[in-house]
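[1] Predicted coordinates and the sequence they were generated for:
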Amino acid sequence: MRFGLERIRKLVSVLGMPQHRFVSIHVVGTNGKSSVAEMTAALLEAHGISAGAYLSPHDERWSERIQIGGAEISPAAFGLAVERVAQAVTTVDRTLDQGESVTQFEADTATAFVALAGAGVAAGVIEAGLGGRLDATNVLPSRVTVLTSIGLEHTEWLGETETEIAAEKLAVLRDHTRLVVGPVSEAVEDLARETARERHSELVAVRDLSPRVGLASPAPYQRRNFAVALAAAEGVVGSLDPERVADVAADLDLQGRMELVAGDPPLILDAAHNPAGALALAEAVPLAAAGRPVIACLAVLADKDAPGVVGALAPVLDGLVATEIRAEGLAIAGRPGARARVASELAAAAREAGLGWVGEEADPAAAIAVARSRAAELGGVVLVTGSHYLLRYATE
């Protein structure tokens, strides 16, 4: 991972600036980016605007990151886009200093731009990777910028305070456009307001969702995300049709975001991976569990605040099985070199947080089986969370 825009600018230039062939909505923030991006694309489609989305991370296939009309891009179309970008990467790498090369994420981002342009979408909703100012996605001529939320994550790169982190993300805002801001602190909203004023942009601060809209998800955090998506879509569509909005809300089923899987016991899958996300999940879990005991299966990457995640979830749990994610699984998902915290460390954090029943199982599939068994004994539900990369093991 190497920050900077020189390589991506050269790459999209060689490719003919594909990101200029559709209206773009740029989604930045700490939590909620993927949900808001998918929701916004769905709202655009419902209003007759063909839309695509670029999301991250993925589970098994890089093509999962690119959606056209609400569905994963076809293998053939993805292959063509990858081939074009691979040829362009070869050209760009020859112009770079010795030892420099286009990064994996830069190539992936360019592939998404090529794929969306090739599909002829009218609008592309683009989720940023890390930060904003120096993120590879920051070559968009965006009409709308969305700041979903701000939390203390990736502080080693983005800054140690919420306002420092927000400044890195708000740097993507273009002049004379719309800035949509989700629920943030007063200091961050003040910074957003000042940034919008400097860029002569319209600020829309979203604080609540009209109760007239009923989401399929019971999660309050998804209601907040949907409110942000509504404001983002309005920046392209204008006034939204209430019936179409209601239809989108009723049909939303976002993978890995408070995803309910029927069974005995039932599963709740959620990609919460930092304390803020875990707090939002803890608010939602009792609604989904409907009074039943909740046994969590948890894995957390080494660069995350594991005690913070465990502490946020502990009050709504009746037990926890700590596990790990294999390095090869992380490599397949685009995180070579990343590692997970060991199960014993997570288990210790769970006991310190006051949980009475705590298990350890390094193998993630086996850990989920243990959680299922315990939940079945109690007539409860299983919550699989702590990392997006753990969720795939729950449905294998």
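    Nice, I can see it. Numbers count the residues shown, from 1 in each chain.

[2] correct me, but A41 touches L55?
    No. Between A41 and L55 there is no contact under CB atoms under 8 Å: 9.5 Å. Just so you know, the C-beta spots here come from the backbone N, C-alpha and C atoms, and that holds for glycine as well.

[3] who's more crowded, the two?
    Under the criterion of other CB atoms under 10 Å, the comparison of A41 against L55 puts A41 first, with 29 against 21.

[4] what about the more buried one, distance to I49?
    Separation of A41 from I49 (CB to CB, to the nearest Å): 9 Å.

[5] between those two, what contacts are shared?
    Residues touching both A41 and I49 (CB atoms under 8 Å, 6 or more residues apart in numbering): A123.

[6] Name the residues contacting each of A41 and L55.
    Counting by CB under 8 Å, 6+ apart, the common neighbours of A41 and L55 are Q67.

[7] how about L254, what does it touch?
    Residues near L254 by CB under 8 Å, 6+ apart: 34-35, 38-39, 217, 222.

[8] rerun that using 10 Å as the cut-off
    Going by CB atoms under 10 Å, 6 or more residues apart in numbering, L254 touches 34-35, 38-39, 42, 216-217, 219, 222, 225, 271.

[9] Now tabulate those residues in a markdown table and tack on secondary structure and neighbour count.
    Output for the contacts of L254, formatted as a markdown table (DSSP: H, G, I helix; E, B strand; the rest coil; neighbours: other CB atoms under 10 Å):
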| residue | secondary structure | neighbour count |
| --- | --- | --- |
| S34 | helix | 23 |
| S35 | helix | 28 |
| E38 | helix | 24 |
| M39 | helix | 27 |
| A42 | helix | 26 |
| A216 | coil | 13 |
| S217 | coil | 22 |
| A219 | coil | 22 |
| Q222 | helix | 25 |
| N225 | helix | 33 |
| A271 | coil | 24 |
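
[10] Would you mind splitting the chain into its domains for me?
    The chain is divided into the following domains under automatic domain parsing: 6-251, 259-394.

[11] Including mean pLDDT, could those go into a markdown table?
    Compiled in a markdown table, those are given as follows (pLDDT from 0 to 100):
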| stretch | mean pLDDT |
| --- | --- |
| domain 6-251 | 94 |
| domain 259-394 | 95 |
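
[12] Where do the strands of the stretch 51-200 of the chain begin and end?
    Listed in chain order, the strands of the stretch 51-200 of the chain (DSSP state E, counting those that start in this stretch) span 51-54, 66-68, 71-72, 123-127, 144-147, 178-181.

[13] sorry, back to before: now, among the contacts of L254, which is nearest to L279?
    For the contacts of L254, the residue nearest L279 by CB to CB is A219; the value is 12.1 Å.

[14] surely that closest one meets L269?
    No. Between A219 and L269 there is no contact under CB atoms under 10 Å: 11.9 Å.

[15] what sits in contact with each of those two?
    Shared contacts of A219 and L269 (CB under 10 Å, 6+ apart): 257-258.

[16] The residue lying closest to I73 once chain neighbours are set aside - how many residues pack around it?
    Of all residues not flanking I73 in the chain, I66 sits nearest, at 4.3 Å (CB to CB, 6 or more residues apart in numbering). A count of neighbours around I66, defined by other CB under 10 Å, yields 27.

[17] The one 5 residues further on too?
    By other CB under 10 Å, the residues close to A71 number 9.

[18] residues contacting it?
    Taking CB under 10 Å, 6+ apart, we find A71 in contact with G52.

[19] Likewise for the one 10 residues further on?
    For A81, the residues meeting the contact criterion (CB under 10 Å, 6+ apart) are 15, 18, 63, 66, 73, 110-119.
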